[in-house]
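# Predicted structure and sequence below. I'll ask about it afterward.
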Amino acid sequence: MTTETLAKPATDKPTTHRRHSPGMRKKKHPGHYISRAGAILVGLVFFFPFLWMLATSLKPTSEIFSTGASFLASRVEWSNYVTAWTAIPFGRVIINSFLVAIAGAALTTVVSLLSAYAFARMQFKHRDKLFLVFLGTLVLPQEVLVIPLYIMMNKLELVNSPTALIVPFAFGAFGAFLIRQFLLSLPEEFEEAARIDGAGSIRILWSVILPLVRAPLAVVAVFSFIDYWSSFLWPLIVINDVSQATIPLGLSMFSGERGTDWGPLMAAATLAVLPSLLVVILLQRQLVKGVSMGGFGGR
Amino acid sequence: MMTALPTLAVKNGRKLAGTPGHGRLAAAYLAPGMLGFLVFIVLPLVASLVISLFDWPLFGAPEFVGLDNYARMLTGDPVFWTVLGNTLFFAVSYTVLNLVLALAVSTWLHHLGSWGPFFRVLFFIPVVTPMVANALVWRLMLTDDGVVNSFLANFGIDGPSWLSDSQLAMGSLIAMSVWQGIGYNIIVLGAGLNGISPNLLEAARIDGAGAWQRFFRVVLPMLSPSLFFCTVMTIIGSFKVFTQPYLLTLGGPGESTNTIVLYLYRNGFSFDKLGYASALAWALFVIVMLITALQFSQQKRLVNYDN
């Protein structure tokens, strides 16, 4: 009797928590397999547009509609990728996108870190009020600002420049907010010790804080990179020369010129999607963290 | 769990031991961020209001017209009301569909065991891929002889014109947008679900609560902070809808899928009316702020924060 009651919790536990600890295997309910089959089906339907994009990018133009719902045409048309690459010119557009997204992410991250450090670790007048006002702009649609920003860029003769793509959108509150929250959760002992040893604020930021905030910095950098990478309305407004275009604008210009040339267009779209796909797969953890902190300001 | 929600986390009660204040030092660190904030956010917001009082062409001299742009918007331009109606319809349908589906999917994924994380990432992919690429493939799929109608033809169904029928075009935009955006809410709600203690559900079960009862009486209230966060973000996002109508329907047929931001863009950069476009921008700004304020004022009533 005693052995039975003692043993019971041990065997009972995996059953009640089976759903939360999948590592513990017990006899599978038939519903389990139905649920998994359903998952595969839903996953395929959901991912279908990307599969269709890839399939179309490999079809000869004449067979894009004649093949109906079939993934395969009579032959694989790799030349769509050559057309996309040379016609847009896609190589240039991809380089532009990387330059803008990397420079934008770097600027955003550095500026956010500096502001976050001040908001989290320093005492000054109206600090919390200033932060509240700053934070309020998280819900301000950027679309409201594009007309004056365009006039500003025009006056500064920055239309059609990478500067116009990068600088105006590097000062949002998301990055500073995220890093500040993280800093507030860190103890100040290390900084205090460094201060007693005579280190100045720059030294403390560089050698004490920076190693500790790598995780939120990565989140800010990734989100900012993706924002610049995917941005469309602003490039559409401020860039009209294809040699300065980023990928979304390049795609849109290309579709404007060759509205019905779906093979090369889908080849270009596939090339545009691939880097984002890599980002999602490689940086899942940072993305999930950033999303639950309000990244992407409500797309 | 959702302490990350912006306005809930403003207070910074910390004081540094023995340091009275760092005014100048703080100013130096804040300078780049706050200068950029002033020049690229505050200034344009104010400038936008000023520009809206002018007849302002892309090239040539602006002319002060007082409140004429607003008067025209509210009384003399039927397209504005159509566009506003379309945007509201889109916002409500998109937000409701997105949240209901995201709640269903994230609950399902939560119980899917080891496959859950993989599917969560799968659903997140369209959030991150460029919307222009997403929209273009949907346009291809939904054209009259595209894959959707080819598929329907296999069952003898003569598929409709998804993008050029005024009854269907808005529905197609909503469907594409839900596909595009749902992964965001699935992740937030998934994190919320993970934060609910299994013991609590177990206690409810022992007390005799059925699956539905547990969902509505335990899971939903515990999830309300995440749901609130998702609702705020999704509604704000939905009012900014631009890329989908721009690429899928060009706002048509007629004005049936024209939205505020698309109309703003066209007024500014096709019709050469930057003043009127700025009035539209301020209308958008006021609407988004009102809705956000309304949501936050209802927060205490709707959201349960005692974990």
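Noted; the coordinates are in hand.
# CA atoms only: put stretch B:289-307 into PDB for me.
This file holds the C-alpha atoms of stretch B:289-307, laid out as PDB (Å, rounded to 0.1, in the frame of the first residue of the first chain):
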ATOM      1  CA  MET B 289      -5.100  58.500 -31.400                       C
ATOM      2  CA  LEU B 290      -8.800  58.500 -30.400                       C
ATOM      3  CA  ILE B 291      -9.100  54.800 -30.900                       C
ATOM      4  CA  THR B 292      -5.900  54.100 -28.900                       C
ATOM      5  CA  ALA B 293      -7.100  56.500 -26.100                       C
ATOM      6  CA  LEU B 294     -10.500  54.700 -26.100                       C
ATOM      7  CA  GLN B 295      -8.800  51.300 -25.800                       C
ATOM      8  CA  PHE B 296      -6.500  52.400 -23.000                       C
ATOM      9  CA  SER B 297      -9.400  54.000 -21.100                       C
ATOM     10  CA  GLN B 298     -11.200  50.700 -21.200                       C
ATOM     11  CA  GLN B 299      -8.100  48.800 -20.200                       C
ATOM     12  CA  LYS B 300      -8.900  48.500 -16.500                       C
ATOM     13  CA  ARG B 301     -12.300  47.200 -17.200                       C
ATOM     14  CA  LEU B 302     -11.300  44.600 -19.800                       C
ATOM     15  CA  VAL B 303      -7.900  43.500 -18.800                       C
ATOM     16  CA  ASN B 304      -7.000  41.300 -15.800                       C
ATOM     17  CA  TYR B 305      -3.500  42.100 -14.500                       C
ATOM     18  CA  ASP B 306      -3.400  40.100 -11.300                       C
ATOM     19  CA  ASN B 307      -1.400  37.000 -12.000                       C
END
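# does any part of it sit near chain A?
Yes: interface with chain A: stretch B:289-307 contributes B:289, B:292 (Cβ under 8 Å from any Cβ of the partner chain). To be clear about C-beta, it is placed using only N, CA and C from the backbone, and glycine gets the same treatment.
# buried sites along that stretch?
B:289, B:291-292, B:295-296, B:299, B:303 (16 or more other Cβ atoms under 10 Å in any protein chain shown).
# Including distance to B:Ser48 and pLDDT, could these go into a markdown table?
Output for the buried residues of stretch B:289-307, formatted as a markdown table (distance: Cβ to Cβ, whole Å; pLDDT from 0 to 100):
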| residue | distance to B:Ser48 | pLDDT |
| --- | --- | --- |
| B:Met289 | 13 | 91 |
| B:Ile291 | 19 | 91 |
| B:Thr292 | 18 | 89 |
| B:Gln295 | 24 | 87 |
| B:Phe296 | 23 | 86 |
| B:Gln299 | 28 | 81 |
| B:Val303 | 32 | 81 |
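# host element of residue 71?
This is for chain A. Using DSSP states H and E, A:Phe71 sits in no helix or strand.
# meant chain B, my bad for not saying
Using DSSP H and E, the element containing B:Ala71 is helix B:68-71.
# which one of the buried residues of stretch B:289-307 sits closest to A:Ile34?
B:Val303 (35.0 Å; Cβ to Cβ).
# before we move on, back to that, can you list the buried residues of stretch B:289-307 in TSV and add secondary structure?
As requested, the buried residues of stretch B:289-307 are exported to TSV (DSSP: H, G, I helix; E, B strand; the rest coil):
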residue	secondary structure
B:Met289	helix
B:Ile291	helix
B:Thr292	helix
B:Gln295	helix
B:Phe296	helix
B:Gln299	helix
B:Val303	coil
